[in-house]
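In: dropping the sequence and predicted coords here.
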Amino acid sequence: MRTLVATLTLSAAMGILALQACVKPPSSVGGDPALLVQRAGEAGPSQSGIFDIAVPPAGTVLRPVQRVPRNQFGVVGAFPLQQRDLPALIYPDATTSEQQAVLEGMRFFTTPHTAAEGLGPLNNQLFCLGCHMSTAEAVQSPGLLSPGSCTPGSTCVSNVSRAARSTPTNFAFTSLDPATGGGRPADNLDAIHNTGQTAAFTLFGDFDPSASSTNSIGFFDPLDGTTRNIVTGGLSQPFGGMVQHTRPAVAACVPKPIPPVEFDTNLKPTGSADPTTGLYPTGFRRSVGELAGPPYIGRGLIEAVPTQDILANADPDDTQGHRSSLGNYAAELGCKTDCISGRVNMIPRTVVVDKDADGNVTSVTGFVGGVGRFGLRANGVELLQFIIGGLQGELSFTTIINDNEINFPTLFPHSGPTVEPAACMKARSSSPEVSLSTPFSIRNFLRNTAPPEFGDALLDVLNSPDPTKPLDKTGDAAKVARGAALFGIDLKAFADRTVAGRMPAAGDGLDPNAIDQADRKLNCVGCHTPIQRTGRSPAEVGAEHLSFVWAPIFSDLLLHSMPVIDAERLAQTPRDPLVIARPTGGRAGETTARIVDTFDLPRNFAQDTFANQKASADGREFRTAPLMGLGRIGPPFLHDARVYLSELTVESAAAGTVTTNRRLTNAPLVVRSLDDALLAAIELHDLPAPDDGKAPRVPGAGCPAPPTATNVSYGPSPQAVICPPYNGATSRTNRSEAREVIRRFRELSTEDQQAVIAFLKQL
């Protein structure tokens, strides 16, 4: 990613120079007293610190949320973005004053920063946009945002982009560079003999699964030198914190390593790890994983979903069943009703308001608590938590809300422990580097970033006289309608809530979430709730766009257990990139399939790398990803961007896995198109199917167990671990909550599977 960032930065240099007079210097703190008072008000009466959105008052008439025209959505110029780029991102009816209120945040988000501003010394990106650059590498596909569809000189990179990924990460190279004692950024396309290339960020630390901390499962030591280790009683070791910062802006700084276990007193010096549990005698094990920046689309809508609605959808004991005509596999899979047991993540409040003797607010630190709705693990109640966290954790910018510079790590060259060079140490600041107006304006910007309009085929369905019966029974609209029905959507209810003027004056009496309760078919809607209503938005800018609307979020905002492979979860480092030869399946114009080397996509989701602010989330639990804009923004998919599709590697180092349908079991799947990526992402919602007589006899088919030894030990029978029988004990414990949904999906014909994919591409 360093090469890409450097290229884009040079192309935007003239724009930066022209903008410098307009952007408030980060060192300016003018206006902060007033914003501190505002922030103190957000802390609640008597600093109760609990965030809550009430249900709409009785009699409130909800309306469809506005959406940005699809072909316009995300089509922006070169960064840093300008006011002329706003129509591609924010609500169409935004007023001039609302546009002005988001400009500072948008410019800061999209402007490369320098060490002189305060960037670094332990930064991981040059700017917020560094974690949102997938569209710069997007393949050409109808309707998909990609460089070919953008304005001249632009790659259409903005906050609605995802983290970019071109290959897996090779942690053998990124973890520690013996020549410097530091780490290495994943900025090289060679993932076998070098680092690989990705904008996903690496997390690491030591985890004790048995230790109990407040409202938490286990104890994670972030190795930041400041956290109290509840197991040892002392402060954690000063290794720089849980994010591996490998792209420092200060030339003298050494990229941050992942500390070898030999130097970690929680681990190696106490003895050897248990080969079964991975635990050292202290009870800790090393955990390393990756997370990736999601597209920031419709976050103001997510913030405005009534708290009661989120709570009502939770089913922690799997007692809420459903009807489906596609078969019931719950009993076989060891479930009470439908295997889906989403639960809320309750976040403790940490907000503290300080005042002087005259009652003036002098500081507000920490964040409000309540039902989590933001973050890959729903570990945040409010947007500001992630904005402040990103400013500090990725850019190393401090604010008055969090003015602590990240501690410098201890490094490990061959000659023994040392510290950063003096020139790098001088880059630290003892005062806030970013005005409070910056994170507040970024919040305005993210709150007001709208979802895109649906694709034409879905609009044809929704605008038809009866959306359940599209006029063309063989065209794209019919396929999309079939896919939506298989997803579990009531298309009449969905149309009434997304098309202006469709809802009858007295209401339609249909499911408010647009779920077909008579027949959920696959029951994708069991987690990806199509429609959520919003209450009154707390936004000080743009609340009229966010309040009392029907929002096609496609998420219940709950935690769900995803598939886990214990050997990979307990390994000290993620599995090394694994190459498996697979046939491509052929493309239009190709007479025969080609055998290509693919990087095998791991099926394990569980990784215990998270701050203790995760609240009650377990290592295998993730919040349901909102699907707004999915078909417009495209891959990479999943929490760590593992399902990648990049024009840089699609022909040379594609991702690969296996897929199952009614006719074939664990057939090879090479990710070379948007359709392939969506199919792979669906498949990875659960462990692979157990092999049977329908597994084809071609390279790369069958259970994707490593054909050779890797750095992860799967035991004597990897197939039983990775592809357990559906009716076996391992399936009951290690398959995900989506196991019945995916079992049904695998029983579909390829045509019906493609219909589901066609529907998703319209979102």
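Out: Yep, it's here. Residues are numbered from 1 along each chain as shown.

In: top helix in the protein by residue count?
Out: helix 96-109 (DSSP state H).

In: buried residues in the very next helix or strand once past that one?
Out: On the C-terminal side of helix 96-109, the closest following helix or strand by DSSP states H and E is helix 171-174. The neighbour-count criterion (16 or more other Cβ atoms under 10 Å) identifies 171, 173-174 as the buried residues of helix 171-174. For the C-beta atoms, the positions are set from N, CA and C on the backbone; glycine is no exception.

In: which strands or helices does the next helix or strand along the chain from helix 171-174 pack on?
Out: Next helix or strand after helix 171-174 toward the C-terminus (DSSP H and E): strand 187-188. Secondary-structure packing of strand 187-188 (3 or more Cβ pairs under 8 Å, 6 or more residues apart in numbering; DSSP states H and E): strand 196-197.

In: what's in contact with the strand it packs on?
Out: 1, 165-170, 173-174, 186-191, 577, 648 (Cβ atoms under 8 Å, 6 or more residues apart in numbering).

In: quick one: distance of it to the chain centre.
Out: 19 Å (Cα atoms, centre = their mean, to the nearest Å).

In: likewise for stretch 616-634?
Out: Per Cα atoms, centre = their mean, the centroid offset for stretch 616-634 relative to its chain is 6 Å.

In: quick revisit: out of the buried residues of helix 171-174, flag the one nearest to Leu760.
Out: Nearest to Leu760 among the buried residues of helix 171-174, counting by Cβ to Cβ, is Phe171 at 31.3 Å.

In: residue ranges for the helices of the stretch 151-300 of the chain, please.
Out: With DSSP state H, counting those that start in this stretch as the criterion, the stretch 151-300 of the chain has helices at 171-174, 299-303.

In: as CSV, those with mean pLDDT and distance to Leu458 would be great.
Out: Compiled in CSV, these are given as follows (pLDDT from 0 to 100; distance: least, Cβ to Cβ, whole Å):
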stretch, mean pLDDT, distance to Leu458
helix 171-174, 97, 41
helix 299-303, 98, 19
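
In: out of the ones you listed, which is closest to Ser464?
Out: Nearest of the helices of the stretch 151-300 of the chain (Cβ to Cβ): helix 299-303, 25.9 Å.

In: so what does that closest one touch, helix or strand wise?
Out: Packing contacts for helix 299-303, counted by 3+ Cβ pairs under 8 Å, 6+ apart, involve helix 437-447, helix 543-546.

In: the helix or strand following it: which residues count as buried?
Out: Downstream of helix 299-303, the first helix or strand assigned by DSSP H and E is helix 307-313. For helix 307-313, a neighbour-count test (16+ other Cβ under 10 Å) marks 307, 309-310, 313 as buried.

In: between the residues you listed, which is nearest Ala200?
Out: Ile310 (27.4 Å).

In: give me the element Gln754 is part of.
Out: Using DSSP H and E, Gln754 sits in helix 750-760.

In: list the buried residues in that helix.
Out: Residues 752-760 are the ones in helix 750-760 that count as buried (16+ other Cβ under 10 Å).

In: residues touching that helix, excluding its own?
Out: 457-458, 476, 479-480, 482-484, 486-487, 522, 524, 627, 630-631, 661-663, 675, 678-679, 682, 745, 748.

In: mind listing which of these are in helices?
Out: Among those, the residues falling in helices (DSSP H) are 457-458, 476, 479-480, 482-484, 486-487, 630-631, 675, 678-679, 682, 745.

In: Pro724 touches Arg739, doesn't it?
Out: No - look at Pro724 against Arg739 with Cβ atoms under 8 Å: they stay out of range, at 10.5 Å.

In: list the residues that contact both of these two?
Out: What both Pro724 and Arg739 touch, as defined by Cβ under 8 Å, 6+ apart, is the set 687, 731.

In: quick one, helices of the stretch 401-550 of the chain?
Out: So, for the stretch 401-550 of the chain - with DSSP H, counting those that start in this stretch - the helices run 422-425, 437-447, 456-462, 476-487, 491-498, 543-546.

In: make a markdown table from those helices and add distance to Arg533 to it.
Out: Compiled in a markdown table, the helices of the stretch 401-550 of the chain are given as follows (distance: least, Cβ to Cβ, whole Å):
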| stretch | distance to Arg533 |
| --- | --- |
| helix 422-425 | 50 |
| helix 437-447 | 17 |
| helix 456-462 | 18 |
| helix 476-487 | 20 |
| helix 491-498 | 9 |
| helix 543-546 | 12 |
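
In: between those, which one is nearest to Val643?
Out: Short answer: helix 476-487, nearest of the helices of the stretch 401-550 of the chain by Cβ to Cβ, at 18.8 Å.

In: distance between the closest one and the chain's centre?
Out: Here the centre of helix 476-487 is set off from its chain's centre by 26 Å, with Cα atoms, centre = their mean.

In: with stretch 168-178 instead?
Out: Between the centre of stretch 168-178 and the centre of its chain there are 22 Å (Cα atoms, centre = their mean).

In: residues making contact with it?
Out: By Cβ under 8 Å, 6+ apart, the residues outside stretch 168-178 that reach it are 182-186, 191-192, 194-196, 198, 200, 202, 244, 246, 255, 257-258, 260, 288, 290, 412-414, 573-574, 576-577, 599, 642, 711.

In: among the contacts of helix 750-760, which ones are buried?
Out: Buried members of the contacts of helix 750-760, scored by 16+ other Cβ under 10 Å, are 457-458, 476, 479-480, 482-484, 486-487, 522, 524, 627, 630-631, 661, 675, 678-679, 682, 745, 748.

In: quick check, Ser158 in contact with Met133.
Out: No - in this structure Ser158 lies outside contact range of Met133 using Cβ under 8 Å: 9.6 Å.

In: now Glu394: how far from Phe440?
Out: 18 Å (Cβ to Cβ, to the nearest Å).

In: over to Leu119?
Out: Computed as Cβ to Cβ, the Leu119 to Phe440 distance reads 20 Å.

In: for the protein, which helix or strand comes out least confident on mean pLDDT?
Out: Ranking every helix and strand in the chain by mean pLDDT, DSSP states H and E puts helix 13-19 at the bottom, with a mean of 30.

In: looking at Pro724 and Arg739, which has the bigger crowd around it?
Out: A count of neighbours by other Cβ atoms under 10 Å puts Arg739 above the other of Pro724 and Arg739, at 27 against 22.

In: now do the SS call for Pro563.
Out: With DSSP: H, G, I helix; E, B strand; the rest coil as the basis, Pro563 sits in coil.

In: show residues contacting stretch 655-663.
Out: 580, 582, 598-601, 603, 642-645, 666-671, 677, 679-680, 683-684, 688-689, 694, 700-704, 746-750, 753.

In: out of the helices of the stretch 151-300 of the chain, which comes closest to Ala514?
Out: Nearest to Ala514, of all those, is helix 299-303, at 14.9 Å by Cβ to Cβ.

In: for the closest residue to Thr350 other than its chain neighbours, give me its contacts.
Out: Nearest residue to Thr350 in three dimensions, chain neighbours excluded: Gly366, at 3.4 Å (Cβ to Cβ, 6 or more residues apart in numbering). If a contact means Cβ under 8 Å, 6+ apart, then Gly366 has 49, 349-352 as its contacts.

In: report the secondary structure state of Gln719.
Out: Under three-state DSSP, Gln719 falls in the helix class.

In: what's near enough to touch the residue nearest to Lys761 when sequence neighbours are not counted?
Out: Of all residues not flanking Lys761 in the chain, Gly631 sits nearest, at 3.8 Å (Cβ to Cβ, 6+ apart). With Cβ under 8 Å, 6+ apart as the criterion, the residues that contact Gly631 are 143-144, 455, 674, 760-763.

In: tell me the one of these nearest Pro421?
Out: Using Cβ to Cβ, those come closest to Pro421 at Leu144, 44.4 Å.

In: span of stretch 206-224 from start to end?
Out: Its start and end residues considered, stretch 206-224 measures 11 Å (Cα to Cα, to the nearest Å).
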